[in-house]
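> fold the following for me, if possible:
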Amino acid sequence: MTTSAMFIPPSGGVLVASASTAFREQVRHSLDDRRGPVQEVLGGAEALVRLESGDWQVLFLDRRLPDLDTEELIQIIRRRFPGIEVVLLDSDSGQALPMLGSDANSVPYTSHRVKASFARLENLGARLNPRPPTRQAAIPVEPLPGMIGGADSMQHAYRLARLVAPRTTTVLILGPTGTGKELLARAIHQLSPRAARPLVVVNCAAIPEALLESELFGHTRGAFTGALQASTGRIPAAQGGTLFLDEVGELPFSLQAKLLRFFEHKEVQRLGSTEVVRIDVRIVAATNADLARRVEENKFRSDLYYRLSAFPVELPPLAGRGVDIALLAEHFLDQIAAASTTVSPVLSSEALRILESQPWEGNVRELQQVMERAYILCDGESTIMPRHLYFFSRERQRVYGEEALPAEL
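I've put the predicted structure just below:
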C-alpha cells in the first residue's frame, strides 16, 4: 500500500475491519498524522459493536469477513449510520472495490488511482467536520424467544443474534453471571435452520476434568476404569443441531487442543475407539471470564480463543437496563403466581424505585430470587411493598430487609 494519506476530521475516528493482521497494518500505515483515532476489529460483528459505541467517520472494510456477509453489513451500516463513509477493500487482491450500486471499476490500492479515491474522502472533511455523523434511530427489535426487555443494550444484542442465527458461524456470548447467556443461546438455536435438531448444553465448569473428555467425545465400553457401558458423547449427540458450551473459559488447558481439533475438522474419536466420526454441529459458547486476559496468562489457547470469538454478542448487566427491571420483576411475579394458581401481586412505586436503585451483582437471576422472596413475604397481599424486599449484600455478608419478616417469627 502506498504512503499516500487521506484527511480524516479530528472529530471522528477510523475503524478498520479485517481478519488479516497484515491488511489492517497496511491500512493503518496509509493514514497520516491528521487522522482521527484508528482502531482495529477482526470482523463485522465487532465492527457493529464499535460503531454503536463511538464517534466514527470512516470504516475500512475488508470484503472477506470471517463472520458476516459484507453486502448485508454495508446495508445495515447505511441504515444505522448514514454519516459514516465506508471504504470497501479486498485484502487478497489489493483492490479498492466499488461500493454497492456503483458502476465504478475496482482500483488497486497500491496505484496512483487509489489516491483519487482517498481524495474523494478527503473532500468530506469540510462537510463532516462541523458536526459528528448523525445516527438514525434504530427500529425496535422484537425480543428474542424466551427473553424480555427493550433497553438499548439488549436491542443491540437482539439485532446481532437475529443476524447470526441463520448462519453456521460460531457465536461467543459474553456477559456477567446471571444475565441470560443460556437463554440467548437457546434463542439463536430456535431461530436457526437447526431448530428441529438437538440443542445440547455442556457446562464446562460443572463436569470434573477427569470426565469431561469422555462426556464431550464419548467412550467405548471398558475404555477406562468404570466405563461399564459405551457413551455417545455430548458432541455426537448434537448431530445436525447446536452444541452450547457454557462457561467455556473453565475448559481445562489439556482439553483445549482436542476441542480445537474438533472445531477445525468437525471429527470426533471416542475414547477407546479408532473410528473417526464426522459431526455436523453449530457451536455457541458462553463465558463470564475475560478470555483475552486468560490467553495472556497462558491459561487459554489463543488459537481456540480466535475460533470461539468469530461472532461475539455481549449481554449487559441488569443494573444498566433501566425500564427492563420493572418488566422482568412483573414477569417473575406473574410466573410465580401462575405456578401457585394465585393472583399476581403488583409492585408499589416505592418498591420499584428500590429495585431500580440496586447494584444487582447477580443480575437477572438475583432479581428473580428477590421477587420470589417478596412473593412469599407478602403472604397474599395484593401489593409488593418495600418491606417485602429482602436483599443479600455479598460485601457485608448479611441480609437486609429483616423488618419484612412476620412478627410471630
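> nearest residue to the residue nearest in space to the middle of the chain other than its sequence neighbours?
Centroid check for the chain by Cα atoms, centre = their mean gives Val313 as the closest residue, at 1.1 Å. Nearest non-adjacent residue to Val313, counting by Cβ to Cβ, 6 or more residues apart in numbering: Leu160, 4.8 Å away. C-beta: built from backbone N, CA, C; applies to glycine.
> Arg63 now?
Closest residue to Arg63 in three dimensions, ignoring its sequence neighbours and counting by Cβ to Cβ, 6+ apart: Asp90, at 4.8 Å.
> and the pLDDT at that neighbour?
pLDDT, Asp90: 78.
> burial of it, as a residue count?
Neighbour count of Asp90, defined by other Cβ atoms under 10 Å: 16.
> I'd assumed Leu48 was in contact with the residue nearest to Val313.
Yes - using Cβ atoms under 8 Å, Leu160 is in contact with Leu48, at 6.8 Å.
> now do the helices in the stretch 51-200 of the chain.
Counting by DSSP state H, counting those that start in this stretch, the stretch 51-200 of the chain has helices at residues 70-80, 113-122, 124-128, 152-164, 181-190.
> mean pLDDT lowest for which of those?
helix 124-128 (a mean of 39).
> where along the stretch 151-300 of the chain do the strands fall?
When assigned using DSSP state E, counting those that start in this stretch, the strands of the stretch 151-300 of the chain occupy the ranges 171-174, 199-203, 242-246, 267-269, 276-278, 282-287.
> wait, which of those is closest to Val323?
Comparison of the strands of the stretch 151-300 of the chain against Val323 by Cβ to Cβ identifies strand 171-174 as nearest, at 22.9 Å.
> for that closest one, packing partners?
On a contact count with 3 or more Cβ pairs under 8 Å, 6 or more residues apart in numbering; DSSP states H and E, strand 171-174 meets helix 181-190, strand 282-287, strand 311-314.
> what lines up beside the shortest one in the sheet?
Looking at strand 311-314 with DSSP bridges, its paired strands and their directions are strand 171-174 (parallel).
> re the thing from before, would a markdown table of the strands of the stretch 151-300 of the chain with mean pLDDT and mean neighbour count be doable?
Output for the strands of the stretch 151-300 of the chain, formatted as a markdown table (pLDDT from 0 to 100; neighbours: other Cβ atoms under 10 Å):
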| stretch | mean pLDDT | mean neighbour count |
| --- | --- | --- |
| strand 171-174 | 96 | 24 |
| strand 199-203 | 96 | 19 |
| strand 242-246 | 97 | 25 |
| strand 267-269 | 88 | 17 |
| strand 276-278 | 89 | 12 |
| strand 282-287 | 97 | 26 |
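> do you know which of these lies nearest Asp324?
Proximity to Asp324, assessed across the strands of the stretch 151-300 of the chain by Cβ to Cβ, is greatest for strand 171-174 (17.8 Å).
> how far off centre is the closest one?
Centroid separation between strand 171-174 and its chain, computed with Cα atoms, centre = their mean, to the nearest Å, is 4 Å.
> so for stretch 216-231, mean pLDDT?
pLDDT averaged over stretch 216-231 gives 78.
> what's near enough to touch Ile76?
Leu48, Leu163 (Cβ atoms under 8 Å, 6 or more residues apart in numbering).
> ignore the last one, Leu328
Counting by Cβ under 8 Å, 6+ apart, Leu328 touches Ile148, Gly149, Leu318, Val364, Leu367, Gln368.
> so which of the residues you listed wins on neighbours?
Going by other Cβ under 10 Å, Leu318 tops these with 27 neighbours.
> give me the phi and psi angles of that one.
phi -60, psi -40 (degrees, to the nearest 10).
> same check on Ala339?
Dihedral pair for Ala339: phi -70, psi -30, per degrees, to the nearest 10.
> now do Val38
phi -110, psi 130.
> likewise Leu347?
Dihedral angles for Leu347 - degrees, to the nearest 10 - are phi -90, psi 130.
> if you skip the residues just before and after it, what's nearest to it?
Spatially, and ignoring its direct neighbours in sequence, Leu347 is nearest to Ile384 (5.0 Å; Cβ to Cβ, 6+ apart).
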